[in-house]
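Novice: The following block contains a protein sequence and its predicted model.
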Amino acid sequence: MNTNRRDFLKLMAAGAATALAPVPAQARPPKALAPGAVGILYDATLCIGCKACEVACKSANQMPMDHDSGLEQVHGVRGVWDAPDDLNSQTMSKIKLLATGDGGQGGFSFIKRACMHCVDPNCVSACPVSALTKDPTTGIVRYNPDACIGCRYCQLACPFNVPKFEYDKPFPKIVKCQLCAERVADGDIPACCAACPTGACLFGPVTDLLGEGHRRLAFQPGESQDYPLHRLGSGDQRTARVTGYVPSIYGETETGGTQQLLMAGVPFAQLGLPPLGNDSRARLSETIQHTLYQGMVAPALLFGGLVYTVFRNAREGCEDPAPPADANTEPQEDHHD
């Protein structure tokens with residue numbers, strides 16, 4: 001038994017040395033925008049908070065109504081709003097309100113919460129079974145429930161806290177916006193963009209949306225300008241007064257770029273958007289993860305260690321010696337007649 005144990009430990013040590021040998025953690029090159037990448041430009045200065053996009057999203061994705069709204073609880077009413085205060089496992093798209101100060105430009109804004117469809121998504125990199133994938137043509141981040149093992153690594157990896165897990169179901173899955181990929185494949189546009197009456201949600205190729213965003217950044221407050229509706233280049237438009245913009249487009253460079261782009265008249269940090277660098281964390285984390293799992297050496301070592309521990313404990317349990325007899329204990333006399 002001792003010889004076998006020593007041989008096993010030597011094998012484990014040799015494998016560990018191979019698997020854990022110091023390897024420089026070099027980030028891989030950044031991923032480029034997909035050739036046919038499509039996305040949404042959300043302009044908070046045009047949003048009126050009607051939430052038609054929320055209703056359209058639930059209808060298109062056959063999502064149930066969710067009356068777990070803080071407003072309903074505060075005002076003592078039930079069944080008024082069909083969406084909660086934030087994203088959850090029954091709500092893929094949410095319009096939230098910032099209202100501070102005097103309600104002017106610096107203290108009032110709506111903001112759209114949904115999957116950002118990152119150019120180099122952390123969730124796709126973190127998923128160990130490829131349940132989350134990025135379409136090589138459209139760049140849409142898709143989810144395959146049949147491949148998902150429920151590890152929820154995607155939730156931890158997403159810097160925007162978007163993926164939600166169905167904790168209340170016996171066979172749960174991850175829920176997130178998939179940019180109405182089926183509608184897009186059929187030549188249609190996402191339901192939220194089709195329902196938006198003001199052009200706050202605008203669908204189109206990402207490169208063209210960035211061009212439209214920079215066109216708006218050149219507008220002067222107080223001007224009247226034409227804004228496209230629903231789909232960029234469709235010809236539908238409306239005229240609105242410019243209220244002014246923060247001089248950048250959120251998602252143009254953040255975390256390597258996103259396919260949902262955001263514009264607003266108040267600082268993005270006030271709207272709950274995290275300040276992120278220009279590089280995706282997936283560039284480094286994916287390299288480390290693939291190194292650990294290369295050849296499945298590290299998982300095999302871990303499994304082998306667990307098997308050995310169980311085997312050793314079971315063997316020791318079978319070999320428990322009998323309790324030693326007490327030399328000072330004299331045999332008792334039999335008092336039976």
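Specialist: That came through, no problem. Predicted model only: the values in this text are computed from it and were never measured. Numbers count the residues shown, from 1 in each chain.
Novice: just the strands in the stretch 201-337 of the chain please.
Specialist: Using DSSP state E, counting those that start in this stretch, the strands of the stretch 201-337 of the chain run over 201-205, 224-228, 237-241, 260-263.
Novice: quick one: average confidence on stretch 225-241?
Specialist: Stretch 225-241 carries an average pLDDT of 96.
Novice: distance between the ends of it?
Specialist: 6 Å (C-alpha to C-alpha, to the nearest Å).
Novice: Show me which residues of it are buried.
Specialist: 227, 228, 229, 230, 231, 232, 240 (16 or more other C-beta atoms under 10 Å). Placement of C-beta: from N, CA and C, glycine included.
Novice: got a list of contacts for that stretch?
Specialist: 41, 43, 46, 189, 193-194, 196-199, 202-205, 208-209, 212, 216, 219, 222-224, 242 (C-beta atoms under 8 Å, 6 or more residues apart in numbering).
Novice: same thing with stretch 125-143?
Specialist: 33-39, 115, 117-119, 121, 123-124, 144-145, 147-149, 151, 153-154, 156-157, 173-174, 176, 178-179, 181, 184, 206, 259, 280, 282, 285-286, 289, 293.
Novice: Let's see that with 6 Å instead.
Specialist: 34, 36-38, 117, 121, 123-124, 144, 147-149, 153-154, 157, 174, 178-179, 181, 259, 282, 286 (C-beta atoms under 6 Å, 6 or more residues apart in numbering).
Novice: Could you pull up the mean pLDDT of that stretch?
Specialist: 95.
Novice: Output the buried residues of stretch 225-241 as JSON lines; include the columns distance to residue 85.
Specialist: Putting the buried residues of stretch 225-241 into JSON lines (distance: C-beta to C-beta, whole Å) gives the following:
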{"residue": "227", "distance to residue 85": "28"}
{"residue": "228", "distance to residue 85": "30"}
{"residue": "229", "distance to residue 85": "28"}
{"residue": "230", "distance to residue 85": "27"}
{"residue": "231", "distance to residue 85": "30"}
{"residue": "232", "distance to residue 85": "31"}
{"residue": "240", "distance to residue 85": "28"}
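Novice: Could you single out the nearest of these to residue 65?
Specialist: Of all these, residue 65 sits closest to residue 230, with 25.0 Å by C-beta to C-beta.
Novice: what about the residue nearest to that closest one when sequence neighbours are not counted, how many neighbours?
Specialist: Once flanking residues are discounted, residue 230 sits nearest to residue 193: 5.5 Å by C-beta to C-beta, 6 or more residues apart in numbering. Neighbourhood size, residue 193 [other C-beta atoms under 10 Å]: 26.
Novice: Report the contact partners of residue 193.
Specialist: Taking C-beta under 6 Å, 6+ apart, one finds 201, 203, 230 in contact with residue 193.
Novice: Let me know the closest of those to residue 248.
Specialist: Closest to residue 248, out of all of the contacts of residue 193 and judged by C-beta to C-beta, is residue 201, at 19.3 Å.
Novice: Can you tell me the SS state at the nearest residue to the closest one once chain neighbours are set aside?
Specialist: Using C-beta to C-beta, 6+ apart and skipping the chain neighbours, the partner closest in space to residue 201 is residue 193 (4.5 Å). When classified by DSSP: H, G, I helix; E, B strand; the rest coil, residue 193 comes out as helix.
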